[in-house]
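1. Below are the sequence and a predicted model for it; my questions follow.
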Amino acid sequence: MDEERASVLVVGGSLVGLSAAVFLAKQGVRTLVVERHAGSSAHPRAIGYTARTMESYRAAGLGARIPQVPVTARLRRAKVSSLVGHWEEEPAWTPDEGTAPPWKFSPCTGAAIAQDRLEPILRERARELGADVRMETELVRFEQDAAGVTAVLRPRAGAEYTVHADYLVAADGHRSPIRAALGIGRTGRGHLRTARSVLFRAPLEPYLASGISQFSIAQPDFEAFLTTYGDGRWVLFLRDDEEHDEATLRALIHRSIGRTDVPVEIVTTGRWEVSALIADRFASGRVFLAGDAAHTLPPNRGGYGANTGIDDAHNLAWKLAAVVSGASSPALLDTYDVERRPIAWLRHDQIFARPDFKAFGPRGNDTDAPVPLIDDAAMELGALYRSTPLRAGRSAAVMGAPDTLPPALRPDLWAGQPGTRAPHAWLDAEETRSTLDLLQDGWVLLCDDARWTDAAARASGALAIPLAVVRIGDHTDGGRAVAIRSALGIDDTGASLVRPDGYVAFRAPRLPSDAPSALTAALAQVARAVRGVR
């Protein structure tokens, strides 16, 4: 049997697996992706991608390839008898939200592109960056030991072969054979329903003129959900779990439209298990779960499904890159579970706290306490990676984010605390360059005081970890520099240490008495997972 080597084997070449490949390959990791299908699913599935997802893609060189939504765009839903019948707009995903929209806090506005249109873009970028993406190739079996993961792969046309990898990322979907093989259970609200869907093309664009793109169909003896992919394709989700012939499907589509004179082309049908389940562990040895393999969340207007998985991949990629390169100890990888699993639970709980899911009753985890709603900008851009998470162990990759802090706040209500995403601010009056454009190429020390340059050089040299020093005032004018330092929670002598994923790892609000020692100790902990500083 032929044998090959890879640093990271990604099983599953759909949205999350391809995102992982992009993020890994961008950092020079030798990445192999295998996907058992020949291409993307015939059913488009996800369509909405958040500003945070677009920030990650922008940093990976994809900003110009994925069209973003207008800054004023907001996902709106109406309860209707049919498209030609009575309309009543439903409350927003977060009712009575009076805060600024997420794009106020980001250089990105999010994207509305069907998953089957996005995946080829990701596949192309992954290959450009050096990832090996193999379609029509499935994982037959795997085993792991202290030295790595050994996987047997089978191409659709060809003989089985073996790949030896340092690590394996399981992005193999909600049924995840890899998760099952590892014996990892799941908890959460559980199975919600089994739904049928029909994807079709129809000239219904005039019904989108008001800005509403989702429609809850409510008739005395018929309920369904209708939405568009914005490219002439629509999907109708049915409440029953019955197999319908084409004539019946066409009749149900016309019933939802309220007209029979509209030409309809049926593309495909689907059957969906809608559930809310979080894996009990996101890692086992050298194997890491991401996306639906780690958490299945029902489709929702908050974008907590696909985007949570993309965030998983982004969080994991820099840690794998650091460990594979030898810059960090394998203990750094323990922070993946302790950072990402609480975020999955936070999103799980927020889904069932909202009116959209009130029909499913209590949230179904370990408490019946009321769940306060967290606004959209906070959930999207202001979630906290704790150094003391409530549901898992301590994250070594963050210093100074205790469990006394809230799980999420709007970005303007944070002040650069470790564990939060580094804040966005425009560096120029034309709003073309963001503070975020200075990040996500490695470890960055944001500061203005020149004394941090020597401290960073000594810390970097002692630990053999590249650390870029970015003096804020060199990239913007004085007034903007003051505002950026304030958003980071530092004065003109302080500094903020930002991780390769754009999250603050350590902060010195002002210059300490021994800056080189303080920075070296902090970098040793958060970049290498070496304890010693609290």
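-> Happy to help now that I have it. Numbering: from 1, shown residues only.

2. switch to C-alpha atoms for all contacts and neighbour counts from now on
-> OK.

3. any idea of the mean pLDDT in stretch 490-505?
-> Across stretch 490-505, the average pLDDT comes to 98.

4. ok, now stretch 379-387?
-> On average, stretch 379-387 scores 92.

5. do stretch 265-281 as well
-> On average, stretch 265-281 scores 95.

6. cool, stretch 191-204 as well?
-> The model assigns stretch 191-204 a mean pLDDT of 95.

7. Pull out the buried positions in it.
-> In terms of neighbour count (16 or more other CA atoms under 10 Å), stretch 191-204 has its buried residues at 195-201, 204.

8. where do the helices sit along the stretch 1-150 of the chain?
-> Taking DSSP state H, counting those that start in this stretch, the helices of the stretch 1-150 of the chain run over residues 15-26, 51-59, 115-128.

9. now the chain
-> Applying DSSP state H to the chain gives helices spanning 15-26, 51-59, 115-128, 177-182, 246-257, 306-325, 334-352, 376-381, 451-463, 478-488, 515-528.

10. got CSV for those, with mean neighbour count and distance to residue 89 too?
-> Below are these laid out as CSV (neighbours: other CA atoms under 10 Å; distance: least, CA to CA, whole Å):
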stretch, mean neighbour count, distance to residue 89
helix 15-26, 28, 31
helix 51-59, 22, 24
helix 115-128, 19, 26
helix 177-182, 17, 41
helix 246-257, 18, 17
helix 306-325, 24, 25
helix 334-352, 23, 20
helix 376-381, 23, 19
helix 451-463, 18, 54
helix 478-488, 18, 37
helix 515-528, 22, 47
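
11. Including distance to residue 135, could the ones you listed go into TSV?
-> Output for the helices of the chain, formatted as TSV (distance: least, CA to CA, whole Å):
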stretch	distance to residue 135
helix 15-26	12
helix 51-59	22
helix 115-128	10
helix 177-182	18
helix 246-257	31
helix 306-325	20
helix 334-352	27
helix 376-381	32
helix 451-463	40
helix 478-488	44
helix 515-528	34
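
12. so who does the residue nearest to residue 269 when sequence neighbours are not counted touch?
-> The spatial neighbour of residue 269 that comes closest, neighbours along the chain excluded (CA to CA, 6 or more residues apart in numbering), is residue 198 at 4.3 Å. When contacts are counted by CA atoms under 8 Å, 6 or more residues apart in numbering, residue 198 is found next to 235-237, 249, 266-270.

13. now residue 198: how far from residue 43?
-> Distance of residue 198 to residue 43, given as CA to CA, to the nearest Å: 9 Å.

14. okay, the helices of the stretch 1-150 of the chain in CSV with mean pLDDT and distance to residue 294 next?
-> Formatted as CSV, the helices of the stretch 1-150 of the chain follow (pLDDT from 0 to 100; distance: least, CA to CA, whole Å):
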stretch, mean pLDDT, distance to residue 294
helix 15-26, 98, 11
helix 51-59, 97, 18
helix 115-128, 97, 19
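
15. and of the ones you listed, who's closest to residue 381?
-> Comparing these against residue 381 with CA to CA, the closest turns out to be helix 51-59 (6.3 Å).

16. The closest one versus helix 115-128: what angle between them?
-> Angle of helix 51-59 versus helix 115-128, following axes from the mean of the first three to the mean of the last three CA atoms, to 10 degrees, is 30 degrees.

17. Just list what helix 51-59 packs against, helices and strands only.
-> helix 306-325, helix 376-381 (3 or more CA pairs under 8 Å, 6 or more residues apart in numbering; DSSP states H and E).

18. so which of those comes closest to residue 125?
-> Evaluated over these, closeness to residue 125 peaks at helix 306-325, with 15.1 Å, by CA to CA.

19. So for that closest one, mean pLDDT?
-> 97.

20. name the helices or strands packed onto it?
-> helix 15-26, helix 51-59, helix 334-352.

21. if you set the cut-off to 7 Å instead, what comes out?
-> Applying 3 or more CA pairs under 7 Å, 6 or more residues apart in numbering; DSSP states H and E, we find helix 306-325 packed against helix 15-26, helix 334-352.
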